[in-house]
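Chemist: okay, here's the prediction I keep looking at, along with the sequence it came from:
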Amino acid sequence: MRPRPVRPNVYLPVVRFGVISSDWKFVLATTLAGYTIPFLFGLRLWGVPLELWTGLMAAALSIVFFNYTRIGRRSYWLQHRLRALVENPRHRRALPGDWSERPKRRWLITQ
């Protein structure tokens, strides 16, 4: 057998139904909340327990949401969009060069 090169796909995240493995905790939490809340209140729709419908709809909507945020977009697109909505665009961390532009003391001392 001839040696084969290591493929770069080994380092890619595992994707199921278009959702990255690190995002499945959010899908499962949403599904569990969609199932548990109607179950605790004993809600029914046309004689059918409502948790069956809400659990499936919550799972489907969260999978669709994560597919929307991932497919055709750059990495961390959603995090950057949310941060842009919240923060001022001119706000940033201080850089070492910022202190060199501003003198440490005033040249003119007024009394």
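Modeler: Happy to help now that I have it.
Chemist: in this structure, which spans are strands?
Modeler: 15-16, 19-20, 44-45, 48-49 (DSSP state E).
Chemist: what's the mean pLDDT across the first one?
Modeler: This means strand 15-16. Averaging pLDDT along strand 15-16 gives 84.
Chemist: if we can go back for a sec, so which of the strands of the chain gets nearest Tyr68?
Modeler: strand 19-20 (10.9 Å; CB to CB). Backbone N, C-alpha and C define where each C-beta goes, glycine included.
Chemist: give me the mean pLDDT for that closest one.
Modeler: Rounded mean pLDDT across strand 19-20 is 84.
Chemist: same question, stretch 34-53
Modeler: According to the model, stretch 34-53 has a mean pLDDT of 88.
Chemist: and the closest residue to Arg16 other than its chain neighbours, how many neighbours?
Modeler: Distances taken as CB to CB, 6 or more residues apart in numbering put Trp24 closest to Arg16, at 7.4 Å, once the chain neighbours are dropped. Other residues within reach of Trp24, judged by other CB atoms under 10 Å, total 16.
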